[in-house]
Structures are given as structure tokens and as C-alpha cells.
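[1] next comes the sequence, and after it the predicted model I'd like to discuss.
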Amino acid sequence: MSESLESAINAAGGPIEFLRNRSARAHTLPVPAEHTNWQEEQRAWRDTVALMDQSHHMTDLFLRGPDALRLLTDLGVNSFKNFGTDRAKQLIVTSPEGHYIGDVILFHLPDGTFNLVGREIVMDWVQFHLETGDYDATAERDDNTAVREKGKNPTLYRYELQGPNANALVAKAIGGEVPEVRFFHVATFQIAGHEVHALRHGMAGQPGYELFGPWADGADVLAALLAAGEGLDLKRVGAKAYATANVASGWIPPTLPGIFSGESTRAFREWLPVDNIGALGGSLNYDRIEDYYLTPFDLGYDYVVSFDHDFIGKKALEKVAAAPHRKKVSLVWNPEDLGRAFASLFEPSGQRAKLINLPKPRYAIYQKDAVLIGDRLVGVSMDLGYISNEQVFLSLASVDSDLAEGTEVTVLWGEDPLSSKPGVEPHTQIAIRATVAPAPYHQYAREAYRDK
């Protein structure tokens, strides 16, 4: 039996010591790194159409039973009014103190099943409350390919199509006109003789669909999509490009969950196996783990939080909503300072900056880099990447609400002191200038599909 998170924290001498030196690397996608090259694959979702295989890197949790919706309502900050079948939403859960734990996509399938799709921590939180609460419901879990039982296939395939030619490709694949589907609603198509569910989505900053169905149908559906993509400049997207899709469209991958301290989450830590817990990395150094925690408001989820029902964390978030909090922004990193960081790799002095791998240099699942104005800490940078389409290096950050667009800040890049994580080589921490910009940075994502 795996060690519990609580035991591991105690053995390490505290949550920060435990998290800083974890051997867990940043999340990797178990698909080919590139099908062509990551620049062309990024270009495809802007100019033509891109196909991304999401079948392997996310966990699925299927909830069934008369109390399944009550369980989700008790945990989610979202409103569940009018959440009928063939709908989806971004489910967000928090601790009793209102600290963000995680977010996943929640589908309400035609047969009444609720399908949660995303990172493990939300599935764990839901399963814990199902097992320890009074709910007439059952859960079936399908872990991602990295941890799934060897030789066992996923329950579902998932293929995402993004880009201006996505509608034309789907029309060819279904052999007819694509029905009008509202954002985050689910339609049903026939492709290659199989029933396919299609979520109207826009992850990469362009219109598109997330197609899913039984794993046994996946090869036929993929072949049909590839055939339909001929003449439309379809590109398959590998792990490198896919990992950057969120940066321009403004979605921050799950950040440090607020579960590592306090009595209110102790039972959960004692229940939770330590295996899937990530590492804490970056230049932000706090003495208290609580200072790393964020709320949904800090992450730009003001529009998601609804106080029309009771849920875990409601009282705390009501206070947060009435008080000043940080806001989500993009930071555009300064090209000259980035050039200096790259040049340091070739200088004989040995004062090398932390390597900035392109297109995605994130080296810890919980990336936390300090954002400064002078000596004043004004925020935290959490995810980053190079977007070839706009030729910019961006990070997604949560900063003080009074920082206007165009404000120049400094991001501290690299660790001091160095942790023992395997992704941390000897280096010198450096300051890189950046400019505050909107999130999503991509204009289409900001002004078109996100507003709808």
C-alpha cells in the first residue's frame, strides 16, 4: 500500500521540505513529442487545423447514481442550475478555507453519467468525499496512461480539433453539414460508422471540437479524421506544441492545491496516496506553505464562483469576494533579457542561467516564480512557454489587482537555493523583465469564444 501524503509530509519535516525536493518531474504527455515540428504544429491551430490526441494524459472519473449531482454540488464552486445532459463545465473545487484545489472538465453525458476529465487531485477529492460521506453514488476511475495498469487501454479516446478549418474537417468526416453547437455543449455525430460525442471547445484560442467515444472505436475515428484532413492542411500535434496551447489561451494548469496543511484537510491527506503528488519549483520562497495557496479569484475564476448553493469553501470565498485579491494576467518576457539568459550558457564564467527549454521550460508541476517591481513582491508566475505564432515568450501569472496592462515587472528565473529535483541543474538565478498583458493573450480567445 502506498504511503499517505500526511505520512510523507511528516517524514520530510514539513510540506515545503517535502515539495521542494520531490523527484516528480513536470507533467509529461505520453504521446510523440513532435509529428512534424512544434512550430508548424502551433501554426496549424491558428491558420489551418490541428489534431491533438488527449486520450492518454488525463484521468477520467465516472459518477453514477441518484446522489452524484448532490456530491458535485456540495464540492463545486460552480452553479449547477440548468446543468442538463449534453453539457459540460469547468468544475472547480476548494478547501474549507477557500483555497483552490483544482479544476477539471465535467461532462453530463446523455445516459445521466457525470464524467470528470483532468488531473488526479480533483478526482481524489471527489472520491474521498464519496467514500466518507453519505452519498448514494458509485465511481469508476480510469487513470492516465502513465499510471494505468500496464497493457490496459483507456476507457475513452479523445481527439481535439482546433483551427479555422476545424468545421470543414468535421463536415467532411460526418458527410454533411455540421449542426450548430453552442460553446461547451455536446453534440453527437456519426464518423466511420461510430457514434461520436463532440464538445464545442476552444482550448488553443481557435474554434474546434473535442471528440470522444469508446476506445475500441478510436482507431477508426482517427483514420476518418486524418482522411478528412487531406486538402485542409491538417497537422497532428505532439506533446511539445500541445503543452503550450494553454499559455496563449489563458488557462493555468493546476497549481499548488491548498491541501498540505491545516486540520480541515488532514483526513484527506491521511487518505491520499503520495504517488501522484508533484513537486514545488521556482524562485518564490515562502516560509509558510499557506502563503503559496491561491483562491479561484486569484486565478481569474470570478465568473465561475456562484453562491447560489452550499459548497465546501463557500463562507471563506464570500469573504474573499468582498476583499481585494489578485488577478490573472499574461506576462510578455523581454527578448533582450531572454537572449542574455541563453547567452549565459556559452560564457566561460560558469554563471549560467536556469536552462529555458523551448517551447515549454516548466520544470515543476507546481511552478512558482516571483514577480517583482523593484524589491516589492507583486505576484507569482505559474506557467510559461514560447508561442511561435506571435513570436513571444509568455507566462501566466497572478498579480496585484492595481497592476495595469503595460506595467513593467521583473520575473526571477531559477532557484536560490537550489533544490534537489532532477530537473534542476546548477545555475544562477537571474532577473528577466516582463510586461503585463491581458489573459488570454491571444486576441481571438479573449474577444471571441471566451466572451461567448
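    Received it, and whenever you're ready, just let me know what you need.

[2] out of the helices and strands in the protein, which is least certain?
    Using mean pLDDT, DSSP states H and E, helix 443-444 stands out as the lowest-scoring helix or strand of the chain, at a mean of 62.

[3] secondary structure element for the closest residue to Leu156 other than its chain neighbours?
    Using Cβ to Cβ, 6 or more residues apart in numbering and skipping the chain neighbours, the partner closest in space to Leu156 is Phe212 (5.1 Å). For the C-beta atoms, the positions are set from N, CA and C on the backbone; glycine is no exception. Per DSSP states H and E, Phe212 falls inside strand 208-214.

[4] C-terminal to that strand, what's the next element?
    helix 218-228.

[5] next one: that following helix to chain centre, how far?
    Centroid separation between helix 218-228 and its chain, computed with Cα atoms, centre = their mean, to the nearest Å, is 27 Å.

[6] list the buried ones in the longest helix belonging to the chain?
    In terms of residue count, the longest helix belonging to the chain (DSSP state H) is helix 120-132. By neighbour count on 16 or more other Cβ atoms under 10 Å, the buried set for helix 120-132 is 120-130.

[7] and the least confident of those residues?
    Least confident entry in the buried residues of helix 120-132, by pLDDT: Glu120, with 93.

[8] check which helix or strand the closest residue in space to Gln127 that isn't next to it in sequence maps to.
    Leaving aside its chain neighbours, Gln127 sits nearest to Ala139 (5.6 Å; criterion: Cβ to Cβ, 6+ apart). For Ala139, the element it lies in under DSSP H and E is strand 138-142.

[9] which strands border that strand, and is each parallel or antiparallel?
    strand 59-64 (antiparallel) (DSSP bridges).

[10] longest strand of this protein?
    strand 376-387 (DSSP state E).

[11] which helices and strands does that one pack with?
    helix 245-249, strand 327-333, strand 366-367, strand 369-373, strand 392-399, strand 408-413 (3 or more Cβ pairs under 8 Å, 6 or more residues apart in numbering; DSSP states H and E).

[12] who does the longest helix of the chain touch, helix- and strand-wise?
    Short answer (3+ Cβ pairs under 8 Å, 6+ apart): helix 120-132 packs on strand 59-64, helix 68-75, strand 87-94, strand 100-108, strand 114-118, strand 138-142, helix 266-271.

[13] one step back: for Asn37, find the nearest of the helices and strands packed on strand 376-387.
    Closest approach to Asn37 among the helices and strands packed on strand 376-387 is made by helix 245-249 (15.6 Å; Cβ to Cβ).

[14] quick one on the thing from earlier: what distance separates the longest helix of the chain from the centre of its chain?
    For helix 120-132, the distance to the chain centre is 18 Å (Cα atoms, centre = their mean).

[15] what's in contact with that helix?
    59, 61, 63, 71-72, 74-75, 91, 93, 101-104, 116, 135, 137, 139, 141, 143-144, 254, 257, 259, 267-268, 271-272, 276 (Cβ atoms under 8 Å, 6 or more residues apart in numbering).

[16] returning to that earlier point: the residue nearest to Leu156: how many residues sit nearby?
    27 (other Cβ atoms under 10 Å).

[17] so what's it bridging to?
    The partner residues for Phe212, given DSSP bridges, come to Arg158, His197.

[18] report pLDDT for it.
    pLDDT, Phe212: 97.

[19] so it touches Val196, yeah?
    Yes. Phe212 lies in contact with Val196 (Cβ atoms under 8 Å); the separation is 7.4 Å.
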